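Q: how would this look folded up:
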Amino acid sequence: MTNPFASRLVPLSGPARDLMPVSPNDTTDLTTTAVSLYIEAGGDLSLVTEAGETRSLTVPDFMVLPLGVRRVNATGTTAAGIHALVIQ
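A: Just a heads-up that it's a prediction; the model follows:
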């Protein structure tokens, strides 16, 4: 099988190389900063951006949020099925 990722630089604009399920937590950052989030079930979302700012927003079902994210906070988050898209 040919791997198109094998010899190419990985741009921040995508595509992501993997995704990880996110368990919202008020004190622990993601193991890898996400280049975006995929949210299966919409609701409120509280997060810490790659820039270190805490932000809150309401998102719909099946949304891709193209934002660098360090952490998804448990407090203030009702959205579910959250996945971090990563490039590492």
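Q: For the chain, give me the ranges with low pLDDT.
A: 1-14 (pLDDT under 70).
Q: what ranges do the helices span in it?
A: For the chain, helices defined by DSSP state H do not occur.
Q: what about the closest residue to Ala80 other than its chain neighbours, distance to Gly76?
A: What sits nearest to Ala80 in space, not counting adjacent residues and going by CB to CB, 6 or more residues apart in numbering, is Ala41, at 4.1 Å. Using the backbone N, CA and C atoms, a C-beta is placed for each residue, glycine as well. Applying CB to CB, to the nearest Å, the value for Ala41 to Gly76 is 16 Å.
Q: Tell me what Val72 is bridged to.
A: For Val72, the beta-bridge partners are Leu47 (DSSP bridges).
Q: hang on, the earlier thing: any idea how far Phe62 is from the residue nearest to Ala80?
A: Ala41 is 9 Å from Phe62, by CB to CB.
Q: Ok, Asn73 next?
A: For Asn73 relative to Phe62 (CB to CB), the value is 21 Å.
Q: Those two - which one has more neighbours?
A: Per other CB atoms under 10 Å, whichever of Asn73 and Phe62 has more neighbours is Asn73, with 17 against 11.
Q: follow-up on the earlier one: tell me the contacts of the residue nearest to Ala80?
A: Neighbouring residues of Ala41 by CB atoms under 8 Å, 6 or more residues apart in numbering: Asp61, Ala79, Ala80, Gly81.
Q: Adding neighbour count and distance to Thr49, write the residues you listed out as TSV.
A: Shown next, in TSV, are the contacts of Ala41 (neighbours: other CB atoms under 10 Å; distance: CB to CB, whole Å):
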residue	neighbour count	distance to Thr49
Asp61	12	22
Ala79	25	16
Ala80	13	21
Gly81	13	21
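Q: Keep only those of the residues you listed that are in strands.
A: Among the contacts of Ala41, the residues falling in strands (DSSP state E) are Ala80, Gly81.
Q: I'd guessed Thr32 sits against Arg71; true?
A: No: Thr32 lies out of contact with Arg71 (CB atoms under 8 Å); the separation is 11.7 Å.
Q: Those two: which has the busier surroundings?
A: Arg71 (21 against 14).
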